[in-house]
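# below are the sequence and a predicted model for it; my questions follow.
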Amino acid sequence: MMMVLENLYKSASDWVYIFFDFIFIEYTVLGSIYGNIDVNDILRGRTVISTHIQSASRSCRQRIKDLLQEPYNSRCLSISPDFWCDKYKQVAYLSVTVVIVDKDFKYYTIGLFCKPFQES
């Protein structure tokens, strides 16, 4: 039993060593490229994640806009509304999907939005 525990402790300590060794190397590389870095900019806190999500969503919206620009100008896109109900949550939804084929004949289906539908 003691041998098993010793092996377990050794495996755990080896894993921690390898993990921190990898992290240390990565941070050293980042420091050599970018200079001094505030640790709060690296560790994933609420503000870092929020900033990343906002940046990623802006980038994604721009890519979608660029992708849809040529078919829109050529009047070659299909916009489809969809209305459906979630029987479990008892909520109705309205969504809009755009379907295009680009100049390289790649087929795209893009969901523009999906919102709960509220009757007036």
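Right, received. Where do you want to start?

# which SSE is immediately downstream of the host helix or strand of Gln62?
Gln62 belongs to helix 46-73 when assigned by DSSP states H and E. The first helix or strand that comes after helix 46-73 along the chain, using DSSP H and E, is strand 78-86.

# for that next one, which outside residues touch it?
By CB atoms under 8 Å, 6 or more residues apart in numbering, the surrounding residues in contact with strand 78-86 are Val91, Ala92, Tyr93, Leu94, Ser95, Val96, Thr97, Val98, Val99, Ile100, Phe117. Placement of C-beta: from N, CA and C, glycine included.

# can I get that strand in CSV, CA atoms only?
The C-alpha trace of strand 78-86 is given here as CSV (Å, rounded to 0.1, in the frame of the first residue of the first chain):
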residue,chain,number,x,y,z
SER,A,78,-31.4,34.0,-49.2
ILE,A,79,-32.8,35.2,-45.9
SER,A,80,-35.1,32.9,-44.0
PRO,A,81,-37.1,33.6,-40.9
ASP,A,82,-37.9,30.8,-38.6
PHE,A,83,-40.5,30.7,-35.8
TRP,A,84,-40.4,27.8,-33.3
CYS,A,85,-41.5,26.9,-29.8
ASP,A,86,-39.6,25.2,-27.0
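
# following element in sequence after that strand, please.
strand 91-101.
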